[in-house]
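**Student:** Fold the following, please.
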Amino acid sequence: MTTPNSPSLLGIDIGATSIKAASVSQEGTLLTPIRKRTTTTPMPPEVLMRQIGALARKFNENEKVIIGFPGQVDQGVILSPDNLARRDGPGSDRVKEIHEQWVNFPLAAEVASLLGCAVVVLNDADVAALGASEGRGVELTVTLGTGIGTGLVIDGVLQPHREYDNVPSFPNLTVDEAVGEHARKTLVHEEWQERLLSIIVDLHQEVEWDQCFLTGGNARRLSRDRLQELDQSLWVVGEPVGITGAARVAELF
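**Tutor:** Next up, the predicted model:
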């Protein structure tokens, strides 16, 4: 638990199924148990704001809040909400009016006004990438949850976010459509495994990583015996990097 001298940093990880939060030390360790709220979809901005406010009230007053958002973000402003604007989450139809409410929504400024503290909002995979990074070489982090995301760090420096919506293996599908949770539940397990391996191979050819970190609820579902030569450069890391990465974000922003 937090102590009077603990840094007041709150990490919030917004996922397609749950919103998680915990207090984090400057060294990137959890200081409190993780609290959760259910993500309902489609989720307009005002609903997410209420969820964030309810979670934040469970913790001591914070000087800074770091939010990992599952969509495209530019300087705290949402460019696309991705799966939050879909009727039933990843794989379902987008609700146009909810999507439009999110485009150019100043989430960082709105949460700062709500909570009365400094707020940084980044793509959730970028927060996880900083949390997983060892600071050496080319490091790609792939979040395998309800949806799929990537974050790239080179020699400890977070790179501009890029969405790998399409990869050569599945030119007519987004990555979410190919191997997201909806696909995993729909496909035969062996087919899902083959799809995921194909995408990992495509990403390796694109990025040429030194290390790749898999995180999220589906990260451990990939059989390592399928990785072959990639086995020595690919690691599974615990899900809390989406929260504990807040410490690295706070150093940089």
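**Student:** helices and strands around the longest helix belonging to the chain, which ones?
**Tutor:** The longest helix of the chain (DSSP state H) is helix 189-207. Here helix 189-207 touches strand 138-144, helix 175-179, helix 181-186, strand 211-215, going by 3 or more CB pairs under 8 Å, 6 or more residues apart in numbering; DSSP states H and E. Every C-beta, even on glycine, is put in place using the N, C-alpha and C of the backbone.
**Student:** Starting from the longest one, tell me which strands it pairs with and how they run.
**Tutor:** Each strand that strand 138-144 pairs with, and the sense of that pairing, follows from DSSP bridges: strand 148-154 (antiparallel), strand 211-215 (parallel).
**Student:** Quick check: which of the ones you listed is buried the most?
**Tutor:** strand 148-154 (a mean of 24; mean count of other CB atoms under 10 Å).
**Student:** contact partners of the next helix or strand after it?
**Tutor:** Where DSSP states H and E defines the elements, the next helix or strand beyond strand 148-154 is strand 157-158. Residues outside strand 157-158 that contact it (CB atoms under 8 Å, 6 or more residues apart in numbering) are 126, 129-130, 151-152, 252.
**Student:** List phi and psi for the closest residue to Ala178 other than its chain neighbours.
**Tutor:** Nearest residue to Ala178, sequence neighbours excluded (CB to CB, 6 or more residues apart in numbering): Phe170, at 4.4 Å. Dihedral pair for Phe170: phi -130, psi 70, per degrees, to the nearest 10.
**Student:** shift numbering so it begins at 50
**Tutor:** I'll keep to 50 as the first residue from here, and by that count the last item is Phe219.
**Student:** need the contact list for Phe219.
**Tutor:** 226-227, 244, 247-248.
**Student:** Minimum pLDDT in those, which residue is that?
**Tutor:** Within the contacts of Phe219, pLDDT reaches its minimum at Glu226, with 87.
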